[in-house]
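A.B. asks: Just a sequence and a predicted model for now, questions to come.
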Amino acid sequence: MSPSQKMAWGNVIVWGTYLIVLAIVLAANGTVLFWQENSLKNAFFTITGVAFAAFIIMMLFVWIRTSRAKVLIDERDHKIMNRANALAGPIAMTALAVTSLVLGLVYVEGENSVMSPYFLMYVTLINVVVYWLAQAIHILVAYKRN
Amino acid sequence: MAPLQKRALISLLMGLALAIALIVVFVTRDINTFATDLGFRLIVYALWIGVPVVYLLLINLTRLSKLKQVDERDKLIKDRAPKIQWLSVIFSLAAWYVILNEVYWEKGQIPVVYLTLIFISTLVISSLAESLGILIGYWRMNRHG
């Protein structure tokens, strides 16, 4: 298995689990004003922190293993990675648009509607997570096809 | 100058001109009038849509593959550009987060209208960054081979 494939599997496991856990927590306890509840806010930060820690550990693990084994990355790996990046960008942008639209629809009540500053972080996080997931899924599919 | 490089440069310059016009429109008008003034919104939408349309016309929609001077190197550069595009988007989102947080720190709430502006700016930066990524790709390849 190439380093890109290992990272892709790690990304799918870490960020896929992150989105599922977050969806369960928010669906079970959340309201549209969940950012006003400290317990839910703390839960969000804990889940996000654990996901990022797992991501960093996974990246370090793959990097150390690749360096020790002196694995060569060839043209095919580069090509798959470039294609994955090209595909993940528009998908992440679409996720950003959908998130902005949904948040706008939920929170706009009048001309002077406001939202939590945390939402800006959520929008950024969604962009990052969707990008990594889309990239990882494309890499796995591309290796399977080739 | 390679055809793709030339198109990326034109796209970047035209995109920058539209982006500067967009910034000028926002600087000269109050942000709160965005929700109430239809004329203001239409100007913003026209300038905003202009940047990706210019990029798409120059880089993606016109038949680049029919040009004889486009080779494997050009395709490789074009394929690598999205990495710079994504990094620019992430940094712009982070900048929005920091700036808006600092400006509205005491109020603790941010006007929802900023969500639209964040999306507009991200799409504009994304288009500009891809053109920039192509130009950086040529610059790096000419320098390092």
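C.D. replies: Received it, and whenever you're ready, just let me know what you need. Numbering: from 1, shown residues only, chains lettered A, B, ... in the order given.
A.B. asks: Which secondary structure element of chain A has the lowest mean pLDDT?
C.D. replies: Ranked by mean pLDDT, DSSP states H and E, the weakest helix or strand in chain A is strand A:114-115, scoring a mean of 79.
A.B. asks: The following helix or strand past it - what's its average pLDDT?
C.D. replies: As assigned by DSSP states H and E, the chain's next helix or strand after strand A:114-115 is helix A:118-145. Summarised as a single mean, pLDDT over helix A:118-145 is 88.
A.B. asks: likewise stretch A:54-73?
C.D. replies: Averaged across stretch A:54-73, pLDDT comes to 84.
A.B. asks: Now tell me what touches that stretch from outside.
C.D. replies: For stretch A:54-73, contacts defined as CB atoms under 8 Å, 6 or more residues apart in numbering or on different chains pick out A:S2, A:P3, A:S4, A:K6, A:M7, A:G10, A:N11, A:V14, A:W15. (Glycine included, C-beta is placed from N, CA and C.)
A.B. asks: now swap in stretch B:53-62 and tell me
C.D. replies: Contacts for stretch B:53-62 (CB under 8 Å, 6+ apart): B:4, B:7-8, B:10-11, B:14-15, B:18, B:78, B:127-128, B:130-131, B:134.
A.B. asks: Report the buried residues of it.
C.D. replies: Residues of stretch B:53-62 classed as buried: B:V54, B:Y55, B:L58, B:I59 (neighbour count, 16 or more other CB atoms under 10 Å in any protein chain shown).
A.B. asks: among those, which are in strands?
C.D. replies: Per DSSP state E, strands hold no members of those.
A.B. asks: still on that earlier bit, what's the ChimeraX syntax to select whichever of the contacts of stretch B:53-62 are buried?
C.D. replies: Buried residues within these, by 16+ other CB under 10 Å, are selected in ChimeraX with:
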select /B:4,7,8,11,14,15,18,78,127,128,130,131,134
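A.B. asks: Just flag the most distant two among the contacts of stretch B:53-62.
C.D. replies: B:L18 and B:K78 (21.9 Å; CB to CB).
A.B. asks: Just say helix, strand or coil for the residue lying farthest from the centre of chain B.
C.D. replies: Taking CA atoms, centre = their mean, the residue of chain B most remote from its mean C-alpha position is B:E106, at 31.1 Å. Under the three-state scheme (DSSP: H, G, I helix; E, B strand; the rest coil), B:E106 adopts coil.
A.B. asks: check which helix or strand covers the closest residue in space to A:V62 that isn't next to it in sequence.
C.D. replies: Distances taken as CB to CB, 6 or more residues apart in numbering or on different chains place A:K6 nearest to A:V62, at 4.8 Å, with adjacent residues excluded. Using DSSP H and E, A:K6 sits within helix A:3-29.
A.B. asks: for A:V14, what are its contacts?
C.D. replies: A:V14 makes contacts with A:A51, A:A54, A:F55, A:M58, as judged by CB under 8 Å, 6+ apart.
A.B. asks: Show me what the least confident helix or strand of chain A is packed up against.
C.D. replies: Secondary-structure packing of strand A:114-115 (3 or more CB pairs under 8 Å, 6 or more residues apart in numbering or on different chains; DSSP states H and E): helix A:75-107, strand B:110-111.
A.B. asks: Adjacent strands (with direction) for the last one?
C.D. replies: Strands adjacent to strand B:110-111 in the sheet, as given by DSSP bridges, are strand A:114-115 (antiparallel).
A.B. asks: And the strand it pairs with, how far out from the chain middle?
C.D. replies: 24 Å (CA atoms, centre = their mean, to the nearest Å).
A.B. asks: The least confident helix or strand in chain B by mean pLDDT versus helix A:75-107: what angle between them?
C.D. replies: Using mean pLDDT, DSSP H and E, the weakest-scoring helix or strand in chain B turns out to be helix B:38-55, at a mean of 80. Counting by axes from the mean of the first three to the mean of the last three CA atoms, to 10 degrees, helix B:38-55 lies at 170 degrees to helix A:75-107.
A.B. asks: can you give me how far helix B:38-55 is from the chain middle?
C.D. replies: Between the centre of helix B:38-55 and the centre of its chain there are 12 Å (CA atoms, centre = their mean).
A.B. asks: Can the following helix or strand past that helix be said to contact chain A?
C.D. replies: Downstream of helix B:38-55, the next assigned helix or strand under DSSP H and E is helix B:72-103. Yes. Contact between helix B:72-103 and chain A, assessed by CB under 8 Å from any CB of the partner chain, occurs at B:76, B:79-80, B:82-83, B:85-86, B:89-90, B:93-94, B:96-97, B:100-101.
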